[in-house]
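> Below is the structure, and that's it, no one-letter string:
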């Protein structure tokens, strides 16, 4: 009986392995988006072909929020900042009477919304700065290991998109270097991007605060200052790409108008180019939002994707699966 | 006769290949510096050993000027800026009467020296900005292909240190990612660092000007603004490392006090660490300078290397060869 089971298990494993070898994108339905991606990869990797690109120049850039993981009902980094405000509140009695902190402590979503971008920035500066880079790294690691999505109860790191994980691996298997280029904080993503996406810290580009080098009692530290260093969004994305990567990508993946310039910059290069917009049109499995959404607004991208030859991937039609299947016990 | 020569050539090639396989650092004499480097690499790559470091964390950082290539009698980038001032002078008649431009046009080294760091910055801003990133890339490529060192008459890219080229290759062969972390302009190094050092653009960190994304007649460009974005020197080096790489290096190589904090930051990490200072003490083969030099001043590093356990590599004693041997016809 044991032998029989082992044989059966081995057989199933072999079938699964063959299926993967045959199809590196098993969660993508056979449609326009998948075909455009595979055709592009085949063209740029075909040695001697007219569109061949040497491996060193195979740079692919991915937005994070809404492209690699869910950004609804709100950004993971905002959930992190809110949790930090609550954790730090005992030593900040003044927050009880100061917006936007009061809104967070009262759980008042309306007041928090009214605080706008300036309010969000205040939250981030109060919770992401005044500590060293190593301390922040540890705090993010502890949070991401336990924090759960408010709707699904899953870990945030299980709110990543299975088809995009396959796409990252498929591109790397074809000699691409995969980079994250996100409006989110670079030091908020780096502590887990390697484990979750296979993207090492040096291939994560994002927004940042200024750092200050100090020697404290003989030990050097990098102190996180409450000052913005760089905002890696919209026109900032091509700038971040140039400053950090120094080479124009040949493939770019985004989901909102915050990614427009990154796709535009990528697509305008010479030779074969791929620009893909992930369209959130699947209310049943995730969320349906675009033109009117406060988070991840997508209007110009939808209007111009067609004439520009960009690919719009429909979560509903192009994806067999949205999130990774995880054991029920988890 | 042809057959005989071919056999002889094949034999010599085989001998050379064996020698390289046996010794990846043929230009390093058997001394303290070489032994410290090899011992470090063996320890961090020994699977199961107490000092083992996984490949993803094997980050090595190299200063450029004075560490990978010569910085005497002056920085290559300053020679480039001076050549640019002369090339652009016909459309800048005002430069004839304005310092530091007048000093450059008159070939007046004393007046140029008197202009100080502020003057140098003015030269860089006037010659490195106001054009797109792609235009600058082309200008650097054209310059580096032809510009020659004022003393040796060699191409600047032949003024690199052979032992350091071997070291870069040796580290990469042992699973390291090699980065340049230089006070020089990042976009001045990227156009040739891959060809000369084997370091791709995304692994070059340096000083930078601000960039602006613009769409001109339907074509997006990145405009180089005459504003400093970041100075990657002294305390700026650990900051640049954190912003760009996001991981503390385990090995660092420098030559001046501008590299002190980079070595300090690297050496202060947990586990096996290697910090090396290249000491310019070879007046016969290159130049001898340290404490009193205006360029590449090295004083604190010399004083503290011993107590801190950093390695001082003497160009005179530790290096068999300084520059690559190149054909006389070149």
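Right, received. Where do you want to start? None of the values given here were measured: they were computed from a predicted structure. Numbering: from 1, shown residues only, chains lettered A, B, ... in the order given.

> So which residues of the stretch 151-300 of chain A form strands?
Taking DSSP state E, counting those that start in this stretch as the criterion, the stretch 151-300 of chain A carries its strands at A:177-185, A:204-216, A:219-230, A:251-254, A:274-279.

> Contact residues of the stretch 151-300 of chain A facing chain B?
The interface of the stretch 151-300 of chain A toward chain B, taken as Cβ under 8 Å from any Cβ of the partner chain, is made up of A:177, A:179, A:186-187, A:190, A:194, A:200-204, A:208, A:211-213, A:215, A:219-220, A:222, A:229, A:235-236, A:238-239, A:242-247, A:261, A:264-265, A:268. (C-beta placed from N, C-alpha, C; glycine too.)

> could you flag which of those are buried?
For those, a burial check counting by 16 or more other Cβ atoms under 10 Å in any protein chain shown picks out A:177, A:179, A:186-187, A:190, A:194, A:200-204, A:208, A:211, A:213, A:220, A:222, A:229, A:235-236, A:238-239, A:242-247, A:261, A:264-265, A:268.

> quick one: the residue of the stretch 51-200 of chain A found nearest chain B from residue A:29, how far?
Relative to chain B, the nearest point of the stretch 51-200 of chain A is residue A:190 (4.7 Å; Cβ to the nearest Cβ). When Cβ to Cβ, to the nearest Å is the yardstick, residue A:190 and residue A:29 sit 33 Å from each other.

> Up against chain B, what does the stretch 1-150 of chain A have?
A:56, A:59, A:133.

> Not counting sequence-adjacent ones, nearest residue to the second one?
To tie it back to what came earlier, the one meant is residue A:59. Across the structure, with Cβ to Cβ, 6 or more residues apart in numbering or on different chains as the measure, the residue nearest residue A:59 apart from its sequence neighbours is residue A:249 (4.3 Å).

> before we move on, what about the last one?
Closest residue in space to residue A:133, ignoring its immediate chain neighbours: residue A:222 at 4.3 Å, by Cβ to Cβ, 6+ apart.

> Just give the nearest non-adjacent residue to the residue minimising distance to the centre of chain A, would you?
Nearest residue to the geometric centre of chain A (Cα atoms, centre = their mean): residue A:64, 1.6 Å. Here the nearest residue to residue A:64 in space, its sequence neighbours aside, is residue A:182; by Cβ to Cβ, 6+ apart that works out to 3.8 Å.

> What number of residues are in the vicinity of the one you found?
Burial measure for residue A:182: 30 neighbouring residues, criterion other Cβ atoms under 10 Å in any protein chain shown.

> now residue A:323
For residue A:323, the number of neighbouring residues by other Cβ under 10 Å comes to 21.

> Then residue A:210?
Other residues near residue A:210 come to 15 when the count uses other Cβ under 10 Å.

> how close does it sit to residue A:118?
With distances defined as Cβ to Cβ, the gap from residue A:210 to residue A:118 amounts to 18 Å.

> if I look at the residue nearest to the centre of chain A, how far off is residue B:231?
As judged by Cβ to Cβ, residue A:64 and residue B:231 stand 29 Å apart.

> hang on, the earlier thing: out of the residues of the stretch 1-150 of chain A next to chain B, list just those in strands.
Among these, the ones falling in strands (DSSP state E) are residue A:59.

> out of the residues of the stretch 1-150 of chain A next to chain B, who has the most neighbours?
Within the residues of the stretch 1-150 of chain A next to chain B, residue A:59 tops the neighbour count with 25 neighbours, counted by other Cβ under 10 Å.

> got the contact list for that one?
Applying Cβ atoms under 8 Å, 6 or more residues apart in numbering or on different chains to residue A:59 gives the contacts A:176-177, A:179, A:245, A:247-251, B:202.

> In the sheet, which residues pair with it? Tell me.
Here residue A:59 sits in beta bridges with residue A:177, going by DSSP bridges.

> which residues does residue A:215 contact?
By Cβ under 8 Å, 6+ apart, residue A:215 lies in contact with A:221, B:264.

> at 6 Å instead, please
Residues in contact with residue A:215 (Cβ atoms under 6 Å, 6 or more residues apart in numbering or on different chains): none are found.

> so where do the helices sit in the stretch 151-300 of chain A?
Ranges of helices in the stretch 151-300 of chain A, per DSSP state H, counting those that start in this stretch, are A:162-173, A:186-197, A:236-244, A:260-267, A:300-308.

> Among those helices, which comes closest to residue B:294?
Nearest to residue B:294 among those is helix A:236-244; the distance by Cβ to Cβ comes to 29.5 Å.

> mind checking how far the closest one is from the chain centre?
Remark: helix A:236-244 is offset 16 Å from the chain centroid, using Cα atoms, centre = their mean, to the nearest Å.

> Between strand B:219-230 and it, find me the angle.
Put simply, helix A:236-244 runs at 60 degrees to strand B:219-230, going by axes from the mean of the first three to the mean of the last three Cα atoms, to 10 degrees.

> now for helix A:236-244, which elements pack on it?
Secondary structure elements in contact with helix A:236-244, counted by 3 or more Cβ pairs under 6 Å, 6 or more residues apart in numbering or on different chains; DSSP states H and E, are helix A:260-267, strand B:204-216.

> between those, which one is nearest to residue B:319?
With respect to residue B:319, and counting by Cβ to Cβ, the nearest of the helices and strands packed on helix A:236-244 is strand B:204-216 at 24.3 Å.

> For the residue of the stretch 51-200 of chain A closest to chain B, give me the pLDDT.
Reading off the confidence values, residue A:190 has pLDDT 98.

> Surely it touches residue A:204?
Yes - applying Cβ atoms under 6 Å, one finds residue A:190 in contact with residue A:204, separated by 5.1 Å.

> do you know which of the strands of the stretch 151-300 of chain A lies nearest residue B:276?
Among the strands of the stretch 151-300 of chain A, strand A:219-230 sits nearest to residue B:276 (Cβ to Cβ), with 17.9 Å.

> So what touches whichever strand or helix holds residue A:127?
Assigning secondary structure by DSSP states H and E places residue A:127 in helix A:116-128. By Cβ under 6 Å, 6+ apart, the residues outside helix A:116-128 that reach it are A:81, A:84-85, A:100, A:226.

> In a markdown table: these, plus secondary structure, neighbour count and pLDDT.
Converted to a markdown table, these look like this (DSSP: H, G, I helix; E, B strand; the rest coil; neighbours: other Cβ atoms under 10 Å in any protein chain shown; pLDDT from 0 to 100):
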| residue | secondary structure | neighbour count | pLDDT |
| --- | --- | --- | --- |
| A:81 | helix | 23 | 95 |
| A:84 | helix | 19 | 96 |
| A:85 | helix | 20 | 96 |
| A:100 | coil | 25 | 94 |
| A:226 | strand | 15 | 94 |
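
> Now flag whichever of these is closest to residue B:315.
Compare each of the contacts of helix A:116-128 with residue B:315 using Cβ to Cβ and the shortest gap goes to residue A:226, at 44.6 Å.

> who touches the closest one in this structure?
Contacts for residue A:226 (Cβ under 6 Å, 6+ apart) come out as A:125, A:129.

> Recalculate using a threshold of 8 Å.
Counting by Cβ under 8 Å, 6+ apart, residue A:226 makes contact with A:125-126, A:129-130, A:209.

> Please report which of those has the highest neighbour count.
Across the contacts of residue A:226, neighbour numbers were computed from other Cβ under 10 Å; residue A:209 holds the maximum, 23 neighbours.

> Could you list everything that residue pairs with in the sheet?
Partner residues in beta bridges with residue A:209: residue A:228, with DSSP bridges as the criterion.

> Can you pull the poorly scored residue ranges out of chain A?
A:1-21, A:327-330 (pLDDT under 70).

> Against residue B:122, how distant is the residue nearest to residue A:157 when sequence neighbours are not counted?
With sequence-adjacent residues excluded and distances taken as Cβ to Cβ, 6+ apart, residue A:157 is closest to residue A:196, at 5.0 Å. Remark: distance between residue A:196 and residue B:122 (Cβ to Cβ) = 47 Å.
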